[in-house]
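Participant: Provided below are the primary sequence and the corresponding predicted coordinates.
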Amino acid sequence: MAAPLKEITLRKYERPRSTQERELFRRICLSLGVLQPNDRRDTIVDVLHALFRTHARGEQSTLEELVNELKTMGVTEGLAASNLRRHLRRLAALHLVERSKNRYRFTEGVSPVEAFSFTRRYLIDDVAERIEEYLRAGEEVVGIERDQP
């Protein structure tokens, strides 16, 4: 069986209403598919929250600065460099975060919402186009004629 080239999990929840910051960032991670609903190991929530905080100050963070930001936020678990790099790679795989000169930031230094447009363009649209190719091939195989516009 062929292995997928890319996989995307996106979830839609009710509109954001929570006033608790951590719950809001947890819901963002769940929506982006980088966290599963029953995950207890959720350091990625804090990593994303820390990236938002540093972005709000106009800063980019080295791994060490990110650890310090997490400690400032009261995070005490999951701060191993290897663990944080893994979470940052997962966010980078979504084209949401990038590393530039050993500093982490939202892609191209834009806002998180604007960075999500890269996720859309390079992942979601790309996968959707490939699915359409498969659907067209399926139509051809069984002889479905398509209406020409």
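Facilitator: Structure's in. What do you need? Numbering: from 1, shown residues only.
Participant: which stretches of the protein have low pLDDT?
Facilitator: Residues of the chain meeting the criterion pLDDT under 70: 148-149.
Participant: show me where it has its strands.
Facilitator: Assigned by DSSP state E, the chain shows strands spanning 97-100, 103-106.
Participant: other SSEs contacting the first one?
Facilitator: What it means is strand 97-100. Applying 3 or more CB pairs under 8 Å, 6 or more residues apart in numbering; DSSP states H and E, we find strand 97-100 packed against helix 81-93, strand 103-106. C-beta here means a position set from N, CA and C on the backbone, and glycine is covered the same way.
Participant: export the ones you listed to JSON lines and append columns for mean neighbour count and distance to Ile124.
Facilitator: JSON lines is the format used below for the helices and strands packed on strand 97-100 (neighbours: other CB atoms under 10 Å; distance: least, CB to CB, whole Å):
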{"stretch": "helix 81-93", "mean neighbour count": "16", "distance to Ile124": "13"}
{"stretch": "strand 103-106", "mean neighbour count": "20", "distance to Ile124": "17"}
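Participant: which residues are in contact with stretch 129-142?
Facilitator: Stretch 129-142 is contacted from outside by 144, 146, using CB atoms under 8 Å, 6 or more residues apart in numbering.
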